[in-house]
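[1] predicted model and sequence follow; I will ask about them next.
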Amino acid sequence: MKQLAFINHENVSSEEVKTYRVRKAARAVVFDKDGNVALLHARKYDYYKLPGGGLDDDTDKIVALKRECREEIGCDVEVLAELGQTEEWRKFCTLHQISYCYVAKVVGEKGVPAFTDKEAEEDFKEVWFPYGEALRRLKGSKTELIEAMGYMVPRDIAILEAARDVNVI
């Protein structure tokens with residue numbers, strides 16, 4: 001799989017990585033029928049992110065991605081293309097995050113998200129923007145949370161930029 005981003009701001013060493021837990025996830029740039037991109041806005045901390053989430057041990061990536069899209073943006077999706085993967089080395093929480101990234105489109109009608117307690121606490125809201133505005137919103141995230149600004153936002157900018165030339169409409 002093509003490498004879209006390698007994030008190691010904290011300069012994790014080759015010795016340190018041996019102790020890190022690995023978390024795998026599936027993420028997508030999801031387009032609706034009007035060509036708008038789905039984002040999640042964590043309103044409490046004012047940052048944006050793409051839909052997606054963790055894989056259980058043996059869960060198929062596409063199955064997990066479809067589950068996450070139903071939960072986070074209230075939509076069934078069809079995966080159109082594989083973009084690649086990102087890697088994050090988060091020293092502050094000893095985590096090696098690997099995200100498998102795709103382009104998808106909404107199938108059927110948009111529904112209502114079913115946010116986790118943590119997402120509800122951060123006041124998540126699904127929002128839809130034209131591609132350029134979605135990229136601007138991601139880049140304009142203002143939170144001071146290291147997890148968001150140091151990792152999630154740069155990762156999702158790289159994923160969204162990789163989807164720029166994928167024809168979905």
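    Yep, that arrived.
[2] CA only for contacts and neighbour counts going forward, please
    Noted.
[3] where is the longest helix in the protein?
    helix 61-73 (DSSP state H).
[4] other SSEs contacting it?
    strand 21-31, strand 36-42, strand 52-54, strand 76-90 (3 or more Cα pairs under 8 Å, 6 or more residues apart in numbering; DSSP states H and E).
[5] and those: which comes nearest Arg137?
    strand 36-42 (9.0 Å; Cα to Cα).
[6] pretty sure Lys2 sits against Glu82.
    No. With contact defined as Cα atoms under 8 Å, Lys2 does not count as touching Glu82 (9.2 Å).
[7] looking at the two, which is more packed in?
    Legend: neighbour count by other Cα atoms under 10 Å for Lys2 and Glu82, higher for Glu82 (16 against 11).
[8] list the beta-bridge partners for that one.
    Tyr102 (DSSP bridges).
[9] what residues are up against it?
    Contacts for Glu82 (Cα atoms under 8 Å, 6 or more residues apart in numbering) come out as 101-103.
[10] lowest-scoring secondary structure element of the protein by mean pLDDT?
    helix 146 (a mean of 86; mean pLDDT, DSSP states H and E).
[11] C-terminal to that one, what's the next element?
    Once the chain leaves helix 146, the next helix or strand it forms, by DSSP states H and E, is helix 153-162.
[12] can you list contacts of that next one?
    4-5, 7, 28-29, 47-50, 83, 86, 101, 135, 138-139, 141.
[13] highest neighbour count among those residues?
    Ala28 (32 neighbours).
[14] which residues are in contact with the closest residue to that one other than its chain neighbours?
    Excluding its sequence neighbours, the residue lying closest to Ala28 (Cα to Cα, 6 or more residues apart in numbering) is Tyr102, at 4.6 Å. Neighbour list for Tyr102: 26-29, 79-84 [criterion: Cα under 8 Å, 6+ apart].
[15] now those residues as JSON lines including pLDDT and distance to Gly54?
    Below are these laid out as JSON lines (pLDDT from 0 to 100; distance: Cα to Cα, whole Å):
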{"residue": "Ala26", "pLDDT": "97", "distance to Gly54": "7"}
{"residue": "Arg27", "pLDDT": "98", "distance to Gly54": "9"}
{"residue": "Ala28", "pLDDT": "98", "distance to Gly54": "12"}
{"residue": "Val29", "pLDDT": "98", "distance to Gly54": "16"}
{"residue": "Val79", "pLDDT": "97", "distance to Gly54": "17"}
{"residue": "Leu80", "pLDDT": "95", "distance to Gly54": "20"}
{"residue": "Ala81", "pLDDT": "95", "distance to Gly54": "19"}
{"residue": "Glu82", "pLDDT": "96", "distance to Gly54": "17"}
{"residue": "Leu83", "pLDDT": "96", "distance to Gly54": "17"}
{"residue": "Gly84", "pLDDT": "96", "distance to Gly54": "16"}
